[in-house]
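[1] Kindly generate the corresponding structure for this input.
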Amino acid sequence: MLHTPDTISTLRHLLTACRTIAVVGLSPQWHRPSYFAAKYMQAHGYRIVPVNPLVAREGGQILGETAYASVTEAAAALAAQGLKIDMVDCFRKSEDIPPLAEEAIAIGAQCLWLQLGVFNEAAGQRAEAAGLQVIQNRCVKIEHARLFGGLGWMGVNTRVISAKRLRQLPY
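    Residues are numbered from 1 along each chain as shown. Reported below is the predicted structural model:
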């Protein structure tokens, strides 16, 4: 069984260290979960890199960023700008994950993040063996809000105990 390092300290570290996120399966439709999560992360200072072959084929953009057909293509375009993809966030079916894990390994990402309902043990083990942190069945937006104060303001029990409320988000 894959060891998912989803402790609060690990999640907090990943969300602090990984500032450029390739969102695979990012939809251009505002009502889709991928769009909502990416927009939230972008609004909180993260660089979002859309990976959507249909939008990329038309030369389109999502959230004001150029869409790419693959993670590899996105990484090459960012490398030309002196930037690097830190996290590959996957809004795809579980069976679509193995080639995405291979791309994440090939580009040297720090993290392979599989969204709610997405699991792939073999791909996760392969990515972990290559040195990536692997998170499965969690939402980047929800975890960010939970760990950096977004949910606590609404009275949601985040299971994070602290006597202090952050005055300013750490980014």
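[2] From here on, just use CA atoms for contacts and neighbour counts.
    Fine.
[3] Go through stretch 106-118 and flag the buried ones.
    For stretch 106-118, burial by neighbour count (16 or more other Cα atoms under 10 Å) applies to 107-115, 118.
[4] can you tell me which of these are in helices?
    Applying DSSP state H to the buried residues of stretch 106-118, the entries found in helices are residue 107.
[5] Does residue 57 touch residue 70 like I think?
    No. Shown here, residue 57 and residue 70 do not form a contact pair, counting by Cα atoms under 8 Å, at 10.9 Å.
[6] Could you check which of those two has the larger neighbour count?
    For residue 57 versus residue 70, the count of surrounding residues by other Cα atoms under 10 Å is larger for residue 70: 18 against 11.
[7] Please report the distance of that one from residue 90.
    Applying Cα to Cα, to the nearest Å, the value for residue 70 to residue 90 is 12 Å.
[8] now do residue 39
    Look at residue 39 and residue 90: by Cα to Cα, they are 15 Å apart.
[9] Which of those two has more residues huddled nearby?
    For residue 39 and residue 90, the more surrounded residue by other Cα under 10 Å is residue 90, and the numbers stand at 26 against 17.
[10] Okay, and the beta partners of that one?
    Applying DSSP bridges to residue 90 gives these bridge partners: residue 24, residue 114.
[11] For it, give me its contacts.
    Residues near residue 90 by Cα atoms under 8 Å, 6 or more residues apart in numbering: 23-25, 97, 112-115.
[12] Could you dump those into TSV and include pLDDT and distance to residue 86?
    Below are those laid out as TSV (pLDDT from 0 to 100; distance: Cα to Cα, whole Å):
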residue	pLDDT	distance to residue 86
23	98	11
24	98	13
25	97	17
97	98	17
112	98	9
113	97	11
114	97	14
115	96	16
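[13] Where does the prediction get shaky in the chain?
    The model of the chain has pLDDT under 70 over residues 1-6, 150-171.
[14] quick one, helices of it?
    Ranges of helices in the chain, per DSSP H, are 8-17, 33-43, 53-57, 71-80, 97-107, 121-129, 140-147.
[15] Using PDB, list the CA coordinates for the fifth one.
    Coordinates of the C-alpha atoms in helix 97-107 are reproduced here as PDB (Å, rounded to 0.1, in the frame of the first residue of the first chain):
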ATOM      1  CA  ILE A  97      -2.700   8.900 -13.800                       C
ATOM      2  CA  PRO A  98       0.200   6.600 -14.800                       C
ATOM      3  CA  PRO A  99       1.400   8.700 -17.800                       C
ATOM      4  CA  LEU A 100       0.900  11.900 -15.800                       C
ATOM      5  CA  ALA A 101       3.000  10.500 -13.000                       C
ATOM      6  CA  GLU A 102       5.800   9.700 -15.500                       C
ATOM      7  CA  GLU A 103       5.600  13.300 -16.800                       C
ATOM      8  CA  ALA A 104       5.800  14.700 -13.300                       C
ATOM      9  CA  ILE A 105       8.900  12.500 -12.700                       C
ATOM     10  CA  ALA A 106      10.500  13.500 -16.000                       C
ATOM     11  CA  ILE A 107      10.100  17.300 -15.400                       C
END
